[in-house]
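1. No sequence on hand, only this structure:
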């Protein structure tokens, strides 16, 4: 095929006009317009016929030795040539034009646009603008990007699409309408977006109505956006996906609050979990599902039951259309387990539960889903008072317990761990009854006595009053040291109060008891004054036994008694609690006088004539009795 330059074309045109005027025979040469020449490229010969296919074609300039072919008449050739010239359109950079796909060369698509002939478009541009790769003979709109290169005309589908998209974007900016966009990738501060091939920027704050949305969930998705800003020079487009979403959500909220009320059953998708519950999307309205409303049983965290993206069904617990707030409850759709708990549990019964939560003051145990009980720290051990729950139990432990009491109205069950264990105080008492002897080391000394270790867990108290029968108890206490081995007598065990009372002086006979065995109230005793006080005197009547002699129990004529003085008196009272006896010299003397009078009377009964002395004694006796 002959390729003709513009100068040659002009010369040939003049020659043709001259030949037509002179009516000379047709010249044996085929002249083709640039557009026809481009269409006759080797790639197009089988696919796209040129405008001059209606006439006989020559594949190349004939050699000198090649046989000449028949040339059409002058009139037909002139018409064809003028038609080709009319179809030849000059190509300018930036021009939009429709072209026809004539072939493929590697990653380039070859397009015939007329004018200077063929141009190429990178195949990747079709994917960028969201178009499928065209087939042969498909018509494609392109933009001329270069007409001066050695490789011929360069074309761009992307730039052509951008040209149209700028019109769309500017119109959307003006009227606030939405346009289709594709989120390409995440970049600093937001996302790279394309609008039909036109690059744009979407700030992160404009990407979604929720600030918790993940970038991975957005990249690669198509969406509707509004244009916030657009300028061609410099090229800059800013868009928002959030604002169309807000408008859509506002309409959904309006419809939701108009159509729903408290008690309605709704379905939704768990959108986000927090420590105190979960946020559920009810179709444009976010509802709060509090952790206490997820299930009847106690949950440590919503993730124990729920996961993000999980569909759920719940009941509307509260609704506030004015503030746009909704609370829902899953457990409201479930049977309340406490409806039968009061009849299922009673005081004293043995139960098994799972430790769900440890507290500073105890542990929460699940007896069944939705029914929990509390073990107070005081009910965890028989021997330890200040028990740390974590030192006894761990979350997840399965334990046997005893029910202390049930309060169905307050939904509370008190449990005890130690009640199912053997009471070490009772067990120790069974082995060591009151009066038995035990040994142990002094563990701690106080001002009121000291504690003796009986077992690894049990201690007994020796009170200062149980150290000695006589002498100074404080001085006796000072003789004991920590770690000293001592022998004691069990005085008593208080199982409920968890106390063991011990005595050391009880290892010996009680001198007071021995004293009372030989003396009784009304009898006479002798003793020594060991202490003088304002109220009277303290008389030691036996070893370790003291008596009280009040001053009013002395004769009026009695002088003050000195320490160490011997005294004989009558026992007028016994105080076993204070381990003391009350004494009286006055009553003893009076008893002696009465005895003398009675003796005298009995002796005078034998002698009928009373003497003067007898008469005098009789008068005194009658006077005292009258008093």
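-> Perfect, thanks for sending it. As the structure is a computational prediction, the values presented were derived from the model and not from experiment.

2. Give the residue spans of the protein that score low on pLDDT.
-> 1-90, 115-117, 149-152, 604-618, 620-627 (pLDDT under 70).

3. how about the helices in the stretch 301-450 of the chain?
-> With helices called from DSSP state H, counting those that start in this stretch, the stretch 301-450 of the chain shows them at 338-344, 389-392, 424-431.

4. And the helices in this protein?
-> Secondary structure of the chain, counting by DSSP state H: helices at 6-22, 34-39, 74-87, 124-128, 157-175, 242-259, 338-344, 389-392, 424-431, 473-477, 511-518, 585-604, 612-626.

5. mind putting the helices of the stretch 301-450 of the chain in TSV, distance to residue 174 included?
-> All C-beta spots, glycine's among them, are computed from the backbone N, C-alpha and C. Converted to TSV, the helices of the stretch 301-450 of the chain look like this (distance: least, C-beta to C-beta, whole Å):
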stretch	distance to residue 174
helix 338-344	64
helix 389-392	68
helix 424-431	89
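
6. Mean neighbour count and distance to residue 253 for those - can I get that in CSV?
-> Listed next are these as CSV, based on neighbours: other C-beta atoms under 10 Å; distance: least, C-beta to C-beta, whole Å:
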stretch, mean neighbour count, distance to residue 253
helix 338-344, 13, 36
helix 389-392, 16, 47
helix 424-431, 15, 65
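
7. nearest to residue 444, of the ones you listed?
-> helix 424-431 (18.8 Å; C-beta to C-beta).

8. ok, the residue nearest to the spatial centre of the chain - contacts?
-> The centroid of the chain falls nearest to residue 275 when counting by C-alpha atoms, centre = their mean (3.8 Å). By C-beta atoms under 8 Å, 6 or more residues apart in numbering, the residues touching residue 275 are 291, 301-302.

9. same deal with residue 239?
-> 179, 181, 193, 195, 200-202, 206, 225-228.

10. Let's see that with 7 Å instead.
-> With contacts defined as C-beta atoms under 7 Å, 6 or more residues apart in numbering, the neighbours of residue 239 are 181, 193, 200, 202, 225-228.

11. so what's the backbone phi/psi at the residue nearest to the centre of the chain?
-> Dihedral pair for residue 275: phi -60, psi -30, per degrees, to the nearest 10.

12. ok, now how distant is it from residue 304?
-> 12 Å (C-beta to C-beta, to the nearest Å).

13. Residue 463 now?
-> The gap separating residue 463 from residue 304 is 54 Å, by C-beta to C-beta.

14. out of these two, which sits in the busier spot?
-> Using other C-beta atoms under 10 Å as the criterion, residue 463 and residue 304 rank with residue 463 on top: 17 against 12.

15. thought the more buried one was touching residue 451?
-> No. Contact criterion C-beta atoms under 7 Å: residue 463 and residue 451 do not qualify, at 10.6 Å.

16. Go through the contacts of residue 239 and say which is closest to residue 399.
-> Among those, and counting by C-beta to C-beta, the member closest to residue 399 is residue 202, at 56.8 Å.

17. give me the beta-bridge partners of the closest one?
-> Under DSSP bridges, the beta-bridge partners of residue 202 are residue 191.

18. Could you measure from it over to residue 377?
-> Relative to residue 377, residue 202 is positioned 57 Å away (C-beta to C-beta).

19. Settle it for me: which of these two has more neighbours?
-> residue 202 (26 against 20).

20. Show me what counts as buried in stretch 356-367.
-> 356-358, 362-367 (16 or more other C-beta atoms under 10 Å).

21. neighbouring contacts of that stretch?
-> Around stretch 356-367, the neighbours that count as contacts under C-beta under 7 Å, 6+ apart are 297-298, 300, 351, 353-355, 372-377, 389-390, 393, 395, 399, 401, 415.

22. Just list the residues touching residue 242, thanks.
-> Residue 242 is in contact with 206-209, counting by C-beta under 7 Å, 6+ apart.

23. Most neighbours out of the residues you listed, which is it?
-> Of all the contacts of residue 242, residue 207 has the most neighbours under the rule other C-beta under 10 Å, reaching 25 neighbours.

24. wait, isn't it in contact with residue 241?
-> Yes. Here residue 207 reaches residue 241: they are 5.6 Å apart, a contact under C-beta under 7 Å.

25. domains for the protein, by residue range?
-> As recorded under automatic domain parsing, the domains making up the chain are 6-87, 96-160, 176-245, 260-333, 338-420, 424-507.

26. CSV for those, including distance to residue 539?
-> Listed next are the domains of the chain as CSV, based on distance: least, C-beta to C-beta, whole Å:
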stretch, distance to residue 539
domain 6-87, 145
domain 96-160, 122
domain 176-245, 93
domain 260-333, 72
domain 338-420, 46
domain 424-507, 14
